[in-house]
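Asks: my questions are about this predicted structure, shown below with the sequence.
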Amino acid sequence: MATDNLPDTTRSRWWKRGLIACCGIAVLAYAVVLIAGSMSSREIGPRLTHTITRGDLLVTVTEQGTTESAENTEIKCKVRGQNTVIWVIESGTVVEPGDELVRLDTLYIQEQIDERTKYSNWSRSAAEHSKARVAASELAVPEYEQGTYVTELMTAEKDLVIAESRLGSAKDILRHTKQLAESGYKSELDVEEREFSVAQADLEVKLKRTQLDVLKRFTKKEQLQTLKGNLTATKATHEANAERAVADESRRARAAEELEFCVVRAERGGLVIHPNAAQWETAPIEEGAVVYKDRVMLLMPDLSQMQVKVGVHESTIDRMKPGLTAKVTLPNMTLDGTVTSVASVTRPAGWWTGNAVKYDTLIGLPEGQGLRPGMSAEVEVLVARYENVLKIPVAAIVETDEGNFCWVKTIEGSERRAILLGDSNDVFTVVKEGLQEGDEVVLNPTAFRHIQSAAKTSDEAIMGETSSAKNAKSSKSPESN
């Protein structure tokens, strides 16, 4: 159909349709140009890259800690049992020799002194009595051996002589009576009477001889053994009484000495601080607190020998060794330090430490810095130094189950490359294999791959929309109508 023969309204409608089609083609062409530019920019690659170079790598461990003195004079409680603090000096006070530091309640100690004095007097009285008995028992042995026994022996010998004399007289009278009886002057009855007297005197002599023999052979030994046994027993009793008296006197003297220890004074001048009470320990030293014997109540630090105590996490404790250098950052200065001690046993872990397992490590500081205990410090310990090694940023490494990878920028785009790594700090890692000096690696490659994937999906969607628009234009051409 020729357009010249169409009415004006129809010609106007076809003119508008042509104008709209031209505009659509122009918009489509512009979109194609933008897509091409976007795709070309993606082919060039990401702009966040890093060039691999050689250099030195320092591996450090950083922990937080506090300053303390390496040499502390401990002020301990010297009073036994439970003692209540009624006054304590403020932490951080500078004192002079003889100044009061702590005062403890003395009521219980005074009661102990009175009680021990009573027992001491009783024990001393018993000891004096037993001492007198020992002296008497010691004299009883020579008294019997040199006095009583000799007297008894002489008496027995005298009685024997008298008995023998009486026996001799009885025999003479019997003989004389027998002669008179033969002459008729004495009767048989008189003779029998004199024979009985002789027999009686003879028995008396035998009795005295037996008594004398028993005295010499048995009585003396028995009596001496008894006296010596009594002496030993008396000595033992006296020793027990004497020891009890000494013990009671010692307890009384100790109680009196502890009364003096209830007022603690400074033995030297210097700074006095309260020991830091950890959560798992007893309450800090303050008025009303209860302390026991040998409890550290105060510390007098030597300010010329300061150190920093830090807790090193269990993941890095194997790299900590005495002699390593450290940089110590304090609120107003930075000092060079040295690791002097690493604990072999971890400190107790719990809710108060966030359940973190840490080992106490001491960092020695130079003298004459004017430091005070309790200052916060950041310690950076140098655990390893590598010179002239290839370094890759930690941000360019992707760790997978298959190994470590990075993306290297090339002319054709970025490619994945397997790498073998060495030691690392928080910024760089030593590259052993897989890269060369001058290689350009992608930073944050994981995010970059996600961006590429999203861009590819977006490009495919745009191209699909463009094809749909072309198809729609073809279907609405004038010839179709």
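Replies: Cool, the structure landed.
Asks: going by C-alpha atoms from here, please, whenever you check contacts or count neighbours.
Replies: Fine.
Asks: E204: what's it in contact with?
Replies: Residues in contact with E204 (CA atoms under 8 Å, 6 or more residues apart in numbering) are A163.
Asks: shouldn't it be within a strand?
Replies: No: using DSSP: H, G, I helix; E, B strand; the rest coil, the secondary structure at E204 is helix, not a strand.
Asks: measure S120 to E111 for me?
Replies: From S120 over to E111 the distance is 14 Å, taken as CA to CA, to the nearest Å.
Asks: what's the longest helix in the chain?
Replies: In the chain, with assignment by DSSP state H, the single longest helix is helix 220-261.
Asks: which strands or helices does that one pack on?
Replies: In this structure, helix 220-261 packs against helix 107-143, with contacts taken as 3 or more CA pairs under 8 Å, 6 or more residues apart in numbering; DSSP states H and E.
Asks: only the buried residues of the helix it packs on, if you could.
Replies: For helix 107-143, the buried set under the neighbour-count rule, 16 or more other CA atoms under 10 Å, comprises 109, 112-113, 116-117, 119-120, 123-124, 126-127, 130-131, 133-134, 137-138, 140-141.
Asks: same check, this time on stretch 323-338
Replies: With burial defined by 16+ other CA under 10 Å, the residues of stretch 323-338 counted as buried are L324, T325, A326, K327, V328, T329, L330, D336, G337, T338.
Asks: name whatever forms a beta bridge with the second one.
Replies: Pointing back at T325 there. In this structure, T325 has beta-bridge partners T338, where bridges are defined by DSSP bridges.
Asks: pLDDT score assigned to it?
Replies: According to the predicted model, the pLDDT of T325 comes to 96.
Asks: please apply the same query to the fifth one.
Replies: According to the per-residue confidence, V328 scores 96 in pLDDT.
Asks: let's verify it: helix, strand, or coil?
Replies: strand.
Asks: doesn't I363 make contact with E63?
Replies: No: using CA atoms under 8 Å, E63 is not in contact with I363, being 11.3 Å away.
Asks: which residues do those two both contact?
Replies: Common contact partners of E63 and I363 (CA under 8 Å, 6+ apart): V310.
Asks: more neighbours: these two, which one.
Replies: Here E63 and I363 are set side by side on neighbour count (other CA atoms under 10 Å), and the busier one is I363, at 28 against 16.
Asks: assign a three-state SS to the residue positioned nearest the centre of the chain, would you?
Replies: By CA atoms, centre = their mean, the mean C-alpha position of the chain lies nearest to R347, the distance being 7.9 Å. Put simply, R347 is coil when judged by three-state DSSP.
Asks: pretty sure it sits against D360.
Replies: Yes: under the criterion of CA under 8 Å, R347 makes contact with D360 at 7.0 Å.
Asks: and G422, how far from A384?
Replies: With distances taken as CA to CA, G422 is found 12 Å from A384.
Asks: between the two, which is the more surrounded one?
Replies: A384 (15 against 10).
Asks: spatially nearest residue to the more buried one (excluding sequence neighbours)?
Replies: Excluding the flanking residues, the one nearest A384 by CA to CA, 6 or more residues apart in numbering is V59, at 5.1 Å.
Asks: got a list of what the one you found touches?
Replies: Residues L382, V383, A384, R385, D423, S424, N425 are the ones in contact with V59 under the rule CA under 8 Å, 6+ apart.
Asks: can I get those in CSV with secondary structure and pLDDT?
Replies: Listed next are the contacts of V59 as CSV, based on DSSP: H, G, I helix; E, B strand; the rest coil; pLDDT from 0 to 100:
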residue, secondary structure, pLDDT
L382, strand, 96
V383, strand, 95
A384, strand, 94
R385, strand, 94
D423, strand, 94
S424, strand, 93
N425, coil, 89
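Asks: show me where the chain dips below the pLDDT cut-off.
Replies: Scanning the chain for pLDDT under 70 picks out 1-47, 276-282, 349-354, 448-481.
Asks: thinking again about what came up before, tell me how far the longest helix of the chain lies from the chain's centre.
Replies: The chain centroid and the centroid of helix 220-261 are separated by 43 Å under CA atoms, centre = their mean, to the nearest Å.
Asks: got the contact list for F218?
Replies: Not one residue lies near F218 by CA under 8 Å, 6+ apart.
Asks: quick check: it is in a helix.
Replies: Yes: when classified by three-state DSSP, F218 is found to be part of a helix.
Asks: gap between it and D159?
Replies: Separation of F218 from D159 (CA to CA): 19 Å.
Asks: next one: L298
Replies: Here the distance between L298 and D159 works out to 88 Å (CA to CA).
Asks: looking at the two, which one has more neighbours?
Replies: A side-by-side neighbour count of L298 and D159, using other CA under 10 Å, places L298 first with 23 against 19.
Asks: check contacts around the more buried one.
Replies: With contacts taken as CA under 8 Å, 6+ apart, L298 has the following neighbours: E74, I75, K76, V272, I273, H274, P275.
Asks: tell me the contacts of the residue nearest to the centre of the chain?
Replies: Residues in contact with R347, defined by CA under 8 Å, 6+ apart, are V357, K358, Y359, D360.
Asks: look up phi and psi at it.
Replies: phi -70, psi 150 (degrees, to the nearest 10).
Asks: cool, and H176?
Replies: Here is the backbone geometry of H176 (degrees, to the nearest 10): phi -70, psi -40.
Asks: and for it, the neighbour number?
Replies: Counted by other CA under 10 Å, the residues lying close to H176 total 15.
Asks: ok, it to Y185 distance?
Replies: Distance from H176 to Y185, counting by CA to CA: 11 Å.
Asks: would you mind giving the domain segments of the chain?
Replies: Following the assignment in automatic domain parsing, the chain carries domains at 78-103+265-298, 108-261.
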